[in-house]
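Colleague: Model the following, please.
(2 chains)
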Amino acid sequence: MVKINDLLYLAVHPNQLRSIIQWKLWHDPVNSRDPDKETENLKQCFYYLNMTSRSFSSVIQELNPELLVPVAIFYLVLRGLDTIEDDMTIPLPKKEPLLRDFDKIMFQDGWNFNGNGPDEKDRELLVHFDVVIAEFKLIKPVYQKIILDITKKMGDGMADYANNAEFNENGVDTIKDYELYCHYVAGLVGEGCTRLFVESKLANAALLQRPELSESMGQFLQKTNIIRDLQEDYHDKRRFYPKEIWSKHVTNFEDLFNPKNVKAALNCTSEMVLNAIQKADECLFYMAGIKDQSVFNFVAIPQVMAIATLELVFQNPKVFTGVVKITKGDACQLMIEASQNLRTVCDVFKRYARRISKKNNPTDPNFLEISIACGKIEQFIESIYPTQDPKALTRQYNNEEEIATPADAKVQAEHEEAKKDILYLLIAVMCTLFVISTAMIGIAWLAGARFDIAFNELRNGNFFPKYQQGGEVAEAIVQQHDHIEL
Amino acid sequence: MAPPAKKNLGNVLVIGGCGFLGHHIVNLLHDTYTSKISVLDLSTTRNRRPDSDGVAYYNGDITSISSLVPIFEKAKPDVVIHTASPTLMGAGHELYRKVNVDGTACVIEACQKTGVKALVYTSSASVIHDTISDLKNADERWPVVPPHAQHEYYSQTKAEAEALVLAANRSPTLLTCSIRPAGIFGEGDVQILPPILNVHYTNRTGFQLGDNTNLFDFTYVVNVAHAHLLAAFGLLATSRASTAILDHEKVDGEAFFITNCSPVYFWDFARAVWAHAGSKKGTEHVWVISRDMGLAIGGLLEWITWAVGRQAKLTKRQVKYSTMTRYYDCGKAQKRLGYQPLVGLNEGLRRGVKWFEEQRTKEGEKKDQ
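Modeller: As a prediction, this is how the structure comes out:
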């Protein structure tokens, strides 16, 4: 449903509207699902995918056919696990074995789970989880193995946290804990996806040698969500901001939400944003290892959304009162740019790094560190897409006179051409004006206009006709001249 | 954990060791190495360590070989670190040539005559910069700007001296290398922190020239000192090595860019300085003047102030400098020298500004007396 508010907003933000229209009109999925060839069971899986995921369902459904089902199932399995972990109504003795043995559940035909509380948003998925299990058994065993491995690790990690009384009572303590948590819920997903990509030969196998890169991909997304969802999580009595960070800015966690402390609270989110963007360069590096367009879109779209979200939450007091989201138009614009190539994604990162730096406040204790982090992103992009060529400089110096680089020569030629065009345009305008003026003056003269009178009056300093005195004066003037001439 | 065993560099002679960079090199040598330290400077009264530290101070003139050789014979250096140079703004063409080029030639000659093993020369990152164009992520592949394209005479003489030093490598046994630091600041600097602090003290922080998207490298002086000592260590290791050094590990005959490995937006650096000096201002009060507008105003002011015989408050040179991009990739120093900044940019700034604030308080007290 389109809301009237949205329409009004778009009416005054034509750029946003343009992006939405462009995305809807011109976006051409790299691959599309073919529901006609799918079993009823698989269709059910995609139904649950659409139901449980807002941001991932469309990119998953455009994936290369080789990975389409494995990634969709991977997502649903982890979503199922997450739905158990998330639900505070499930008692711990029941929850823990479910989390730890979720990989074994994948072999229990017909397994379903009705134990979620009525308010759990994705409870439907677990109620019908047998469809996921049935499809899981049909995918290639190598993919099954990867999915099971990650499911086991994540389930154990979640169970450890669920058992951790300190965590449940006081939230995350140190930055190390915070990043370990992000590792369990997101870094592992990065690892699993990377193994699937490499296994299907759609990504460079070297990515497996650099596990910190896929870790950074996951951390970047998870940290962004945590920063953005501060208020919502607080409302649900959960604290993911590590105490090590917030305690530098406020005494009690609740103080972040007191409007009196807005400056300190903003400094706190700044430090969280700084922590998140510090490894953004590794995310770009990771994306350079993707060989398939659909996989590239799959990984790049969430990343650009994340950096745009970080820019949005940075120095934004609305984070303490609700959830801020990027506009639909911006999201479409970002999706257009992210579904092209690494270069366009780099452009997005650079643009948002600069926007973050523009909002950066010198009174923030992390002011310079944030500037350094933004500079690091720019420097990394410059290192993979250099804009200067030392060899050309050497040639230039050696030849004494300046030899323009090819790009410069082109620009200069365009410049010259533009200059010429303007000259021709001016001449044409002048000619037209001359012809029209001559014609008008000629016609006026033929019709009896008295230019001599006009000139004389002007020479006497009468620049404006004296209307108020009406025809009398005019008549006198005309007569005066007529007498002289006649 | 016990501190790691201190490294030894043998006898080290620091030329210009009472200067800004030089005395930081002496301090770092004294604190983290076990070496016999000698200092040669035109005048050795300022930036002097207490006599109990055992640093030998020699007054000498590097433009005179007859002044140098006796000192070299006495100090018997294994390593010479040559940091002496007039400051960027402080001298005329003649002095630059005499000290930077002729003086360096003398130092090389003295090294060769007295059997010095290693010579580390303090060059400048400006040798590849014509003072006008942008430099983006430049590394050692970038060509040195030839005299006809160089707009800064200082940089031209530094480049000439560097070429002499590198050409003297392995002639016959002397090993040389060159350190090219970018934008050195810290306790005692005269070129970067004082003018920026002055803007804050005179309450002129409300201007920004350009859109502040230009990244710039600034380097804390202790990191530059650290790089010199790593380079000296590398040269000594090479001179001891019995096998040939691989090309991609070579230190001798090479130049190295040294930065803090953290380029920042130009005005962010200035604002961070002001914040450390106690400014509570954000950016709400800042009036942004575009580069073109700045150049126009600067040009106009230069004419007017020239006509009335005064110094312009805003010059075209300042506008160009504060809107240009100038940052380096110091990966080569990281790989071959094992260089990593010892002190982060923000911590370096904190220390540097604190020092200037203390000096200011002292001067204020003096005036009060």
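
Colleague: who are the neighbours in contact with the closest residue to chain B within the stretch 51-200 of chain A?
Modeller: Closest residue of the stretch 51-200 of chain A to chain B, Cβ to the nearest Cβ: residue A:175 (17.0 Å). Where you see a C-beta, it was placed from the backbone N, CA and C, and this is true even at glycine. Applying Cβ atoms under 8 Å, 6 or more residues apart in numbering or on different chains to residue A:175 gives the contacts A:242, A:244-245, A:275.

Colleague: Phi, psi for it please.
Modeller: Main-chain torsions, residue A:175, degrees, to the nearest 10: phi -60, psi -40.

Colleague: Next: residue A:204.
Modeller: Backbone torsions of residue A:204, given as degrees, to the nearest 10, read phi -70, psi 130.

Colleague: Around it, count how many other residues there are.
Modeller: 17 (other Cβ atoms under 10 Å in any protein chain shown).

Colleague: Work out which residue lies at the spatial centre of chain A.
Modeller: Centroid-nearest residue in chain A, with Cα atoms, centre = their mean: residue A:305, separated by 3.1 Å.

Colleague: Touching, that residue and residue A:331? I think so.
Modeller: Yes: in this structure residue A:305 lies within contact range of residue A:331 using Cβ atoms under 8 Å: 6.9 Å.

Colleague: one step back: excluding chain neighbours, what is closest to the residue nearest to the centre of chain A?
Modeller: residue A:334 (6.0 Å; Cβ to Cβ, 6 or more residues apart in numbering or on different chains).

Colleague: looking at it, the one you found is touching residue A:306, isn't it?
Modeller: No: Residue A:334 lies out of contact with residue A:306 (Cβ under 8 Å); the separation is 10.0 Å.

Colleague: Around chain B, pick out the residues from the stretch 351-486 of chain A.
Modeller: Residues of the stretch 351-486 of chain A that fall close to chain B, judged by Cβ under 8 Å from any Cβ of the partner chain: A:354, A:357-358, A:360-363, A:367-369, A:371-372, A:374-376, A:378-379, A:382-383, A:386-388, A:390-391, A:393-394, A:397, A:400.

Colleague: List only buried entries from the residues you listed.
Modeller: Among those, those scoring as buried are A:354, A:357-358, A:360-362, A:367-369, A:371-372, A:374-376, A:378-379, A:382, A:388, A:393, A:397 (criterion: 16 or more other Cβ atoms under 10 Å in any protein chain shown).

Colleague: Now intersect those residues with the helices, please.
Modeller: Among these, DSSP state H puts A:354, A:357-358, A:367-369, A:371-372, A:374-376, A:378-379, A:382, A:393, A:397 in helices.

Colleague: average pLDDT for stretch B:71-90?
Modeller: Averaging pLDDT along stretch B:71-90 gives 91.

Colleague: and whatever helix or strand residue A:454 lives in, what does it pack onto?
Modeller: Assigned by DSSP states H and E, residue A:454 belongs to helix A:451-459. With contacts defined as 3 or more Cβ pairs under 8 Å, 6 or more residues apart in numbering or on different chains; DSSP states H and E, the packing partners of helix A:451-459 are helix A:406-446, helix A:470-485.

Colleague: Out of the ones you listed, which gets the lowest mean score?
Modeller: Lowest mean pLDDT within the helices and strands packed on helix A:451-459: helix A:470-485, at a mean of 55.

Colleague: Check the gap between residue B:275 and chain A for me.
Modeller: Residue B:275 sits at a distance of 5 Å from chain A (criterion: Cβ to the nearest Cβ, to the nearest Å).

Colleague: Can you name the next helix or strand after whichever strand or helix holds residue B:136?
Modeller: Assigned by DSSP H and E, residue B:136 falls within strand B:135-138. Downstream of strand B:135-138, the next assigned helix or strand under DSSP H and E is helix B:153-167.

Colleague: Any regions of the chain where pLDDT drops low?
Modeller: In the absence of a named chain, this looks at chain A. Within chain A, the ranges that satisfy pLDDT under 70 run A:1-2, A:400-409, A:465-486.

Colleague: that's the wrong chain, I wanted chain B
Modeller: B:1-4, B:90, B:368-369.

Colleague: Output the set of residues of it in proximity to chain A.
Modeller: Within reach of chain A by Cβ under 8 Å from any Cβ, chain B has these residues: B:134-139, B:141-143, B:145-146, B:148-149, B:212-213, B:215, B:262-265, B:268-269, B:271-272, B:274-275, B:279-283, B:327, B:329, B:345-346, B:349.
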